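Engineer: Just a sequence and a predicted model for now, questions to come.
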Amino acid sequence: MAKVLVFIDTPGQALKKSSLELLTIARSLGEAVVAFNGELHDDVAAELAAYGVGELYVPAAADLNDYLVGPKAAFLAAAAGTSGATVVLAENSAEGKEVAARLGIKLGAGVITDVVAVDPDGTAHKSVLAGSYTTTARATTPVAVLTVKANSVAPEPAATATAPQPVTVDLPADTTAGAARVTARTEKAASGRPDLSEARIVVAGGRGVDGNFGPLEDLADALGAAIGASRAATDAGWIGHDAQIGQTGKTVSPQLYISAGISGAIQQKAGMQTAKVIVAVNKDAESPVFEIADFGIVGDLFQVLPQATEEIKKRKG
Ligand code: FAD
């Protein structure tokens, strides 16, 4: 059976949902094997077993986390070579895509990014033109590298658990030569909300919030959602740039995207149009956001959102 190599990078104490999705896709294509960077906690090892991972490729030396992406791509290339994998799956994050691009060059492999679904024969469905179209693409090279958007499939453990076999991968001597080194790290204060890129629900605000994300935060907390923003809101300094969704921000694909006070410019749509259900709240009935919304509310977000929050809290009891 063809091997499908999933890149899992520094998961900490538990695998991210997006990694579980990649493992689920990998099993639909062949035998799931993993290139693993970081410390392997017992709970993570147990999850890898539950998701049917056959082999676990780990780097022989060099702490890859001391460097930016270059050495990770070198490790992944070595792991792909050792395993003989014909497909490599990585996250569709900015870093995942950069690693994929470098890997593509190292392996002479076709790279497909922004993948939203993969057929059992390896054909990828890809979201393009700011999410306006989905195209199908298939790499014709011996190895294909795919970066898959979070929330593309429902994670499913394997029917039978495995005992993943560790395999140590030797890295080329020049792996870290000339690579950019990380010199310091500062931990970001936890918001208690889910990670924006993988959240099942996102509440996003734009210029219409006029500096006050309070009603959006209340709604997000009632729903267990992450907070996102348009560039107008991040540029105004109302919220950090890491909350920006769009062409030059994050790409999200949640089950539910609530857009409040956002006009729906093409560059904003680029980051959220693949959301399964879009709810827009905007006081201008002519706003372009209503063209892509499944449900639209013409109204003042400062009146609409608190009512929604109150109703949700009431129903949750
Ligand atoms: P506006 O377009 O000003 O819209 C505000 C909306 O709020 C209006 O529709 C208004 O009716 C509504 N509103 C106002 N008050 C209320 C209220 N009280 N209740 C309800 N509704 C209200 N933008 C991004 O978002 N992400 C990107 O990644 C991005 N990248 C870009 C890259 C490039 C190269 C360029 C040129 C632009 C990019 N932009 C991006 C900017 C984009 O073009 C828009 O300018 C931006 O998305 C507008 O943000 P907005 O919808 O919040 O603001």
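Structural biologist: Great, that's in hand.
Engineer: and the nearest residue to Ala158 once chain neighbours are set aside, what pLDDT?
Structural biologist: Excluding its sequence neighbours, the residue lying closest to Ala158 (Cβ to Cβ, 6 or more residues apart in numbering) is Gly52, at 2.9 Å. Quick note: C-beta positions are derived from backbone N, CA and C, even for glycine. Gly52 carries a pLDDT value of 98.
Engineer: List the pairing partners of the host helix or strand of Thr136 within its sheet, with orientation.
Structural biologist: Secondary structure assigned from DSSP states H and E places Thr136 in strand 133-137. Its sheet considered, strand 133-137 pairs with strand 124-128 (antiparallel) by DSSP bridges.
Engineer: Buried residues of the partner strand, list them for me.
Structural biologist: Neighbour-count burial for strand 124-128, counted by 16 or more other Cβ atoms under 10 Å, picks out Ala124, His125, Lys126, Ser127.
Engineer: shouldn't the third one be in contact with Arg138?
Structural biologist: This means Lys126. No. Applying Cβ atoms under 8 Å, one finds Lys126 not in contact with Arg138, separated by 10.4 Å.
Engineer: The residue nearest to Ala158 touches Pro157, doesn't it?
Structural biologist: Yes. If you go by Cβ under 8 Å, Gly52 and Pro157 touch, sitting 7.5 Å apart.
Engineer: Those two - which one has more neighbours?
Structural biologist: Gly52 (20 against 15; other Cβ atoms under 10 Å).
Engineer: From Ala85, how far off is the more buried one?
Structural biologist: Distance, Gly52 to Ala85, using Cβ to Cβ, to the nearest Å: 15 Å.
Engineer: again, but for Arg102
Structural biologist: Arg102 is 16 Å from Ala85, by Cβ to Cβ.
Engineer: Compare the two (neighbour count), which wins?
Structural biologist: Remark: of Arg102 and Ala85, Ala85 carries more neighbours, 27 against 20, as counted by other Cβ under 10 Å.
Engineer: Low-confidence stretches in the chain?
Structural biologist: For the chain, residues meeting the criterion pLDDT under 70 lie at 62, 130-131.
Engineer: hey, where'd the helices end up in the stretch 51-200 of the chain?
Structural biologist: 69-83, 94-107 (DSSP state H, counting those that start in this stretch).
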